[in-house]
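In: would you be able to build a 3D model of this:
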Amino acid sequence: MTLGWGSAEAATIPNVGASGAIAAVLGAYILLHPGSLILTWIAPIFLIPIPAFLYLGIWFLLQLVSGTASFTTPEAGGGVAYFAHIGGFVFGFLTVNLFLAGRSRGVAW
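Out: As a prediction, this is how the structure comes out:
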């Protein structure tokens with residue numbers, strides 16, 4: 001049986017990738033360095049610094065919107081595992097909190 005965007009057999013194949021792990025690093029980064037600046041390419045010649053908290057906050061919201069939209073139109077997502085990004089980000093944020101409990105966050109590694 002074909003559902004329109006893939007077969008029932010294709011649905012049993014696991015989605016493998018590292019994007020969830022990379023999102024976990026981003027979740028840790030937003031907690032460890034919220035005020036650091038991220039150089040962002042806006043136009044062919046313009047680089048502007050944006051605070052990490054703002055940049056990653058917008059990125060996280062885009063993942064939420066895209067993941068929610070994938071419920072109604074899964075083919076529009078192009079196979080991106082948005083909820084792996086969301087889960088990885090939250091995991092990284094919470095895990096860093098766990099490891100830094102009782103420690104000073106001002107120490108550079």
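In: give me the number of residues near Ser66?
Out: A count of neighbours around Ser66, defined by other C-beta atoms under 10 Å, yields 17. Just so you know, the C-beta spots here come from the backbone N, C-alpha and C atoms, and that holds for glycine as well.
In: name the SS class of it, please.
Out: helix (DSSP: H, G, I helix; E, B strand; the rest coil).
In: which stretches of this structure have low pLDDT?
Out: 1-7, 10-11, 15-16, 75-79, 104-109 (pLDDT under 70).
In: let's see it at 90
Out: Across the chain, the ranges flagged by pLDDT under 90 are 1-18, 31-32, 34-35, 40-47, 66-83, 97-109.
In: what's the straight distance from one end of stretch 9-28 to the other?
Out: Stretch 9-28 has an end-to-end distance of 36 Å (criterion: C-alpha to C-alpha, to the nearest Å).
In: can you pull out the strands in the protein?
Out: 37-41, 47-51 (DSSP state E).
In: can you add distance to Leu98 and mean neighbour count and give those strands back as JSON lines?
Out: Shown next, in JSON lines, are the strands of the chain (distance: least, C-beta to C-beta, whole Å; neighbours: other C-beta atoms under 10 Å):
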{"stretch": "strand 37-41", "distance to Leu98": "25", "mean neighbour count": "12"}
{"stretch": "strand 47-51", "distance to Leu98": "25", "mean neighbour count": "12"}
